[in-house]
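Student: got a predicted structure plus its sequence, pasted below:
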Amino acid sequence: MNSGMELNLLFVEDDAELAHHLLTGLSGADFRVTVERDGKGGLAAALRTGWDLIVLDVMLPGVGGFEILRKIREAGIETPILFLSAKGEVHDRVKGLSLGADDYLAKPFSMDELKARLHALARRRTPAATTVAARKTPQGWRLDSLLREVTANGRSVSLQPREWSLLELFLDHEGEILTNSFLLDRVWGIQFDPGTNVINATICRLRRKLDEAGHPTRFETIRGRGHTFRSDV
Amino acid sequence: MMLGVVAFVMLLVWIVTTWALNHYFNEVGKAIIADDLHEYGVVYDRFGAEGMTLLFQAAGHSERDQAMRLLDPEGNSLLELPIPERPEEPWPDIPISLVPPADGIDWLRLPFGDGVVVTFGRRRFDDGAEMSFARSNSGDRSAVRQMHKFLLFAMALAALLSIGPVVWFASRVLRPVGTLIGGARRLARGESLDARLEPSEAIPELHEFAAAFNETLGRVQTVTEELEAANDQLAHELRTPLARIRGNIENIQNAKEATPAMLESAARSIDEIERASTIVRDILSIRAGDSGTMRLNLESMSLAALIRETSDLYSAAVEEKGLLLSPALPEVGTDPTLMLDRQRVQQALCNLLDNAIAFTPEGGKLELALEIDENAVSLHVRDSGPGLSEDDPQRIWRRFMRGSAASASTPGIGLGLSLVRAVARAHRGEAGALNLADGGADFWIRLPRDSNKPVL
């Protein structure tokens, strides 16, 4: 376990192109990525200590993803594990979580979403040892989570429960790009697309509420990617 | 149930025997009285009242709960002995029959309470004198009591003897059959492919049946697993290229040299990939539904909460479109919870609502309603849009068909409704649509409260 800036990430993925894409996409300021291309190699690597995060593909040649997951947990290793699945069935997700995985992402997935989920996992596990900052309250804002009120410049605005959860999520992931599917999963607990641009509309309404109460915000929607929030106005 | 039949038969035997015995005693009692009346009639003719008295006492009738009375032609009592078991009671007037009896005897049966019944027989002589005999049924009663004791003993013995076979039958036939039925039900619900019959104590015939049944279950399990594996493989084959394409497009999005036009292009491509991905998943779900292999992740779910959460989810979007969405829940206090697959049922409901929103013009109304009846709960999505045309009602449920009110600008494809029906049926329920009287459509999902009683 390192105390520095980077997170040691083990990726077990057999698809060459995906593996390459992950390596380039994730390597950078936050992650130090190692890729294993098959089940056996992946399991051996996983049983070595020193990983901050592990990402497993469920369908692997040799030892399957679920099997590796089981063996890792049996060895007493508690590293957060996210697994990827091209099957994407609900019962797959349930099975993985019950075997000891911490999160799940269906293919095809957005790299932004993968990053957001990995950051959330890392922060949950060892809040101190990550580069991701704890929730930053925007300057001048006071948050009351019981009343779901945001107060700034002496004016308060009350938010609905889900609006509040949405705001908290953005504050936790400030500067990150959050996809619709990530927001739907975390705030509403649903893993399908409800259509009718519900997310855009809800964010719009949240932004309007905050703006009208005199708490200007910077929500930005990036086409084809997701939404970001910045508190420095 | 068998015990009920046995108990009924015993009760019947008891009642019939008791009645028959009482009837027999009644007849015998009358015969005794009739004989005595004739005997004593002769004695009276020869030896008068005195002779009768002597004979009566000598014959010991009193010990046999009998008594007699002799009246002279003027109605004065020449001899009157107390009524057996009821000495304080006066002798009753025995009515004269309208039709004179063949043997010359008039009868009267008087109940005196506590089961005591006294039979009176009366004979009139030519000179106008009258002789009556009375006999109480105390001897009969004790005989019946004896019989009851015996009958009770016999029945107890029979019950004890029959327990053996009944217990044997229950453990070796009924219970294994019950296990079999349970296993078959579980299989039908798609809960456990591993269910097998284990009739360890059953009779040989059931063993054979169980073996054959298990073989069939094994085959069904193999086929189901193969189907699921094929589904999984198909998913993998379709999704891997999509994932690769997405990766490449994300590279473009991240490239420093990307122009706004390129980014716009990339964004639209991503939209299409997501659409394709949803189609893949929905088709696989529908396929699983069709083949009965849709696995449900059941949990206890409140339907009122589902309606409220769904209304909340769409509230901002609905406002933006200038529509009014209102939930309609039954009165406070009724909030049924059912064992359902939360994700799938919520997705089905959202599909219907998404559909309704797309087809309802600005200024329209939408309603999310929960209705409960004895056997099932229904979720309704009602809109004030154009409704269904005559051809629509069955067509729209088929894959890729959209209602005729759909125009080219209405986004989304027609898989959503197919999926709704597949989810409803996987829960042993049903989905349907109809037009509302005031215009607009009502799309509904009906789910059984007890999964053992599917909605028909």
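Tutor: Structure received.
Student: ok, the residue in chain A positioned nearest to chain B to A:Leu114 distance?
Tutor: Of all residues in chain A, A:Gly224 sits closest to chain B, at 2.6 Å by C-beta to the nearest C-beta. Quick note: C-beta positions are derived from backbone N, CA and C, even for glycine. Using C-beta to C-beta, to the nearest Å, A:Gly224 is found at 16 Å from A:Leu114.
Student: what's the answer for A:Phe66, then?
Tutor: 20 Å.
Student: please apply the same query to B:Ile372.
Tutor: 43 Å.
Student: who's more crowded, the two?
Tutor: A:Leu114 (20 against 16; other C-beta atoms under 10 Å in any protein chain shown).
Student: contacts for the helix or strand hosting that one?
Tutor: Taking DSSP states H and E as the definition, A:Leu114 sits inside helix A:111-125. With contact meaning C-beta atoms under 8 Å, 6 or more residues apart in numbering or on different chains, helix A:111-125 is reached by A:7, A:9, A:21-22, A:25-26, A:30-31, A:52-53, A:55, A:79-80, A:82, A:102-103, A:105, A:130, A:132, A:134, A:172-173, A:176-179, A:181-182, A:225-226, B:247, B:250.
Student: the very next helix or strand once past that helix - contacts with which helices or strands?
Tutor: Counting by DSSP H and E, the next helix or strand C-terminal to helix A:111-125 is strand A:142-144. Secondary-structure packing of strand A:142-144 (3 or more C-beta pairs under 8 Å, 6 or more residues apart in numbering or on different chains; DSSP states H and E): strand A:149-152.
Student: report the buried residues of the strand it packs on.
Tutor: A:Val150, A:Thr151, A:Ala152 (16 or more other C-beta atoms under 10 Å in any protein chain shown).
Student: now do the contacts for the last one.
Tutor: Contacts for A:Ala152 (C-beta under 8 Å, 6+ apart) come out as A:Pro138, A:Gly140, A:Trp141, A:Arg142, A:Ala213, A:Gly214, A:His215.
Student: mind doing that once more with 6 Å?
Tutor: A:Gly140, A:Trp141, A:His215 (C-beta atoms under 6 Å, 6 or more residues apart in numbering or on different chains).
Student: beta partners for the residue nearest to the second one when sequence neighbours are not counted?
Tutor: The reference is to A:Trp141. Nearest residue to A:Trp141, sequence neighbours excluded (C-beta to C-beta, 6 or more residues apart in numbering or on different chains): A:Ala152, at 4.8 Å. When assigned by DSSP bridges, A:Ala152 has beta-bridge partners A:Arg155.
Student: per-residue confidence for A:Ala152?
Tutor: Among the per-residue scores, A:Ala152 holds a pLDDT of 79.
Student: elements contacting whichever strand or helix holds B:Ile181?
Tutor: Assigned by DSSP H and E, B:Ile181 belongs to helix B:175-188. Applying 3 or more C-beta pairs under 6 Å, 6 or more residues apart in numbering or on different chains; DSSP states H and E, one finds that helix B:175-188 contacts no other helix or strand.
Student: now do it: distance to the chain's middle.
Tutor: Centroid separation between helix B:175-188 and its chain, computed with C-alpha atoms, centre = their mean, to the nearest Å, is 18 Å.
Student: pLDDT weak spots in the stretch 351-456 of chain B?
Tutor: Along the stretch 351-456 of chain B, segments meeting pLDDT under 70 span B:391-414, B:451-452, B:455-456.
Student: show me where it has its strands.
Tutor: B:365-372, B:376-383, B:430-435, B:441-448 (DSSP state E, counting those that start in this stretch).
Student: now tabulate those strands in TSV and tack on distance to chain A.
Tutor: What follows is these, written out as TSV (distance: least, C-beta to the nearest C-beta, whole Å):
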stretch	distance to chain A
strand B:365-372	11
strand B:376-383	13
strand B:430-435	17
strand B:441-448	15
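Student: where do the strands sit along chain B?
Tutor: B:66-71, B:77-80, B:105-111, B:117-124, B:130-136, B:298-302, B:324-328, B:337-341, B:365-372, B:376-383, B:430-435, B:441-448 (DSSP state E).
Student: mind putting these in a markdown table, distance to B:Gln221 included?
Tutor: Output for these, formatted as a markdown table (distance: least, C-beta to C-beta, whole Å):
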| stretch | distance to B:Gln221 |
| --- | --- |
| strand B:66-71 | 84 |
| strand B:77-80 | 94 |
| strand B:105-111 | 73 |
| strand B:117-124 | 73 |
| strand B:130-136 | 78 |
| strand B:298-302 | 20 |
| strand B:324-328 | 42 |
| strand B:337-341 | 21 |
| strand B:365-372 | 36 |
| strand B:376-383 | 30 |
| strand B:430-435 | 27 |
| strand B:441-448 | 25 |
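Student: now the helices for the chain?
Tutor: All of this refers to chain A. A:16-26, A:39-47, A:65-74, A:90-99, A:111-125, A:161-172, A:180-183, A:198-212 (DSSP state H).
Student: my bad, the chain I had in mind was chain B
Tutor: B:2-59, B:138-169, B:175-188, B:204-254, B:260-290, B:303-320, B:342-359, B:392-395, B:415-426.
Student: in TSV: these, plus distance to B:Leu296 and mean neighbour count.
Tutor: As requested, the helices of chain B are exported to TSV (distance: least, C-beta to C-beta, whole Å; neighbours: other C-beta atoms under 10 Å in any protein chain shown):
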stretch	distance to B:Leu296	mean neighbour count
helix B:2-59	38	14
helix B:138-169	37	13
helix B:175-188	13	16
helix B:204-254	14	15
helix B:260-290	10	17
helix B:303-320	16	19
helix B:342-359	7	24
helix B:392-395	26	15
helix B:415-426	6	22
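Student: looking at these, spot the one closest to B:Val377.
Tutor: helix B:303-320 (5.6 Å; C-beta to C-beta).
Student: next, the angle from that closest one to strand B:298-302.
Tutor: 70 degrees (axes from the mean of the first three to the mean of the last three C-alpha atoms, to 10 degrees).
Student: so helix B:303-320, near chain A or not?
Tutor: Yes: Helix B:303-320 is in contact with chain A by C-beta under 6 Å from any C-beta of the partner chain, via B:Asp312, B:Leu313, B:Tyr314, B:Ala316, B:Ala317, B:Glu320.
Student: so what secondary structure elements neighbour that helix?
Tutor: Taking 3+ C-beta pairs under 6 Å, 6+ apart as the contact cut, helix B:303-320 packs with helix A:198-212, strand B:324-328, strand B:365-372.
Student: and those: which comes nearest B:Val99?
Tutor: Among those, strand B:365-372 comes nearest to B:Val99, with 71.3 Å by C-beta to C-beta.
Student: now do the buried residues in that closest one.
Tutor: B:Leu366, B:Glu367, B:Leu368, B:Ala369, B:Leu370, B:Ile372.
Student: mind checking pLDDT for the residue of the stretch 201-350 of chain B found nearest chain A?
Tutor: Using C-beta to the nearest C-beta, the single residue of the stretch 201-350 of chain B nearest to chain A is B:Ala267, 2.6 Å away. Note on B:Ala267: pLDDT of 93.
Student: and the nearest residue to it once chain neighbours are set aside, how close does it get to A:Leu178?
Tutor: Excluding its sequence neighbours, the residue lying closest to B:Ala267 (C-beta to C-beta, 6+ apart) is A:Gly224, at 2.6 Å. Plainly put, A:Gly224 is 14 Å away from A:Leu178 if you go by C-beta to C-beta.
Student: try B:Glu226
Tutor: Distance from B:Glu226 to A:Leu178, by C-beta to C-beta: 40 Å.
Student: possible to save the contacts of A:Ala152 as TSV with pLDDT?
Tutor: Shown next, in TSV, are the contacts of A:Ala152 (pLDDT from 0 to 100):
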residue	pLDDT
A:Gly140	76
A:Trp141	82
A:His215	73
